[in-house]
Structures are given as structure tokens and as C-alpha cells.
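Student: Next one to model:
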Amino acid sequence: MNLAIPMLALLGSITGDVIGSAYEFDNYKGTDFNLFPENADFTDDTVLTIAIADAILTDENFTQKLYDYGRKYYWGRKYGRHFFNWLLKGDLQPYNSFGNGSAMRVIAVGLAYDTLEKVLEMAEKTAIPTHNHPEQKP
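Tutor: Numbers count the residues shown, from 1 in each chain. Next up is the predicted model:
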């Protein structure tokens, strides 16, 4: 498989995360902004996106990868309260989240699989470790 396009897409996702990090909690909606602000940094979304990509590439458990990466890179990342508590407790059971976190980390699924059925199946598997609220099921 040619990894050039998936790698560029993954890097594009990470680049957008870093650029947007300076504006994340300001709700700035304009188009006039600095692409390279001093306070830009990767966020929890990048950490967990890479965790999902790593799990796919190594055929390892999504839950464990999310936990391992989350614990390794928790300092300075702005994890949601429930995810942060999940990391601290170490109880790897889903916590019924209804947020958008699983959507922020799923790009690797669309890059790795080539049928709609497989993409949907794997996207659900990446969401379930944390985002298992019954209203989020397809």
C-alpha cells in the first residue's frame, strides 16, 4: 500500500489541530488569524488520533492504546473531564460519553479501510472504549 496519501491526510489533521489549538477555547470563527501562533501546541485530539493510527498499524486493542497514549501525554493536554478521570482511574470500561471526542480521533480509520462497511465497523470500535452512549449508535 502506498502510504504517501494517508500520511499527508494524517499530517493535515494534526496540523489543523496544532493551528487551531490557540483558538480552541476562544470560539473564534473568523478567517483572519495567525497560522503559527506562539501558544500553538498539539492537543489531546492529536494524541488520541495517533493512538488510533498506532492501534490499526499494529493490530492492537483500541482501548489499551487510547489509555496508554492518554497516560503518556496527559500533561498540558486539555482532555475532557470524563476522559481524564478514565485515565486516572485506570478502569478501562466505557464511561457513556456523549461528546465528540471519538469523532476527533477517527481519521486513520477512513485512511486504513476501503469499504464503507469496514470503515463504519472500525469507527464504532474506536468510539466504544469511551463513547458508548446509546444515542450515538448508528
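Student: Distance from the chain centre to the lowest-mean-pLDDT helix or strand in the chain, please.
Tutor: Among the secondary structure pieces of the chain, namely its helices and strands, helix 101-104 has the lowest mean (mean pLDDT, DSSP states H and E), a mean of 82. Once both centres are worked out by CA atoms, centre = their mean, to the nearest Å, helix 101-104 turns out to sit 5 Å from its chain's centre.
Student: can I get the CA coordinates of that helix in PDB?
Tutor: Listed next in PDB are the C-alpha coordinates belonging to helix 101-104 (Å, rounded to 0.1, in the frame of the first residue of the first chain):
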ATOM      1  CA  GLY A 101     -14.100  13.100  21.200                       C
ATOM      2  CA  SER A 102     -14.300   9.900  19.200                       C
ATOM      3  CA  ALA A 103     -15.100  11.900  16.000                       C
ATOM      4  CA  MET A 104     -11.900  14.000  16.600                       C
END
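Student: now for that helix, which elements pack on it?
Tutor: Contact here means 3 or more CB pairs under 8 Å, 6 or more residues apart in numbering; DSSP states H and E; on that basis helix 101-104 packs against helix 44-58, helix 116-127. In this view, the C-beta of every residue, glycine as well, is placed from N, C-alpha and C.
Student: So which of those helices is the most surrounded?
Tutor: Comparing those by mean neighbour count (mean count of other CB atoms under 10 Å), helix 44-58 ranks first with a mean of 20.
Student: following that one, which helix or strand comes up?
Tutor: From helix 44-58 onward toward the C-terminus, using DSSP states H and E, the following helix or strand is helix 62-72.
Student: for that following helix, packing partners?
Tutor: Using 3+ CB pairs under 8 Å, 6+ apart as the test, helix 62-72 ends up in contact with helix 44-58, helix 81-89.
Student: go again using 6 Å as the cut-off
Tutor: Secondary-structure packing of helix 62-72 (3 or more CB pairs under 6 Å, 6 or more residues apart in numbering; DSSP states H and E): helix 44-58.
Student: Please name every helix or strand in contact with the helix it packs on.
Tutor: In terms of contacts (3+ CB pairs under 6 Å, 6+ apart), helix 44-58 is packed against helix 4-21, helix 62-72, helix 107-112.
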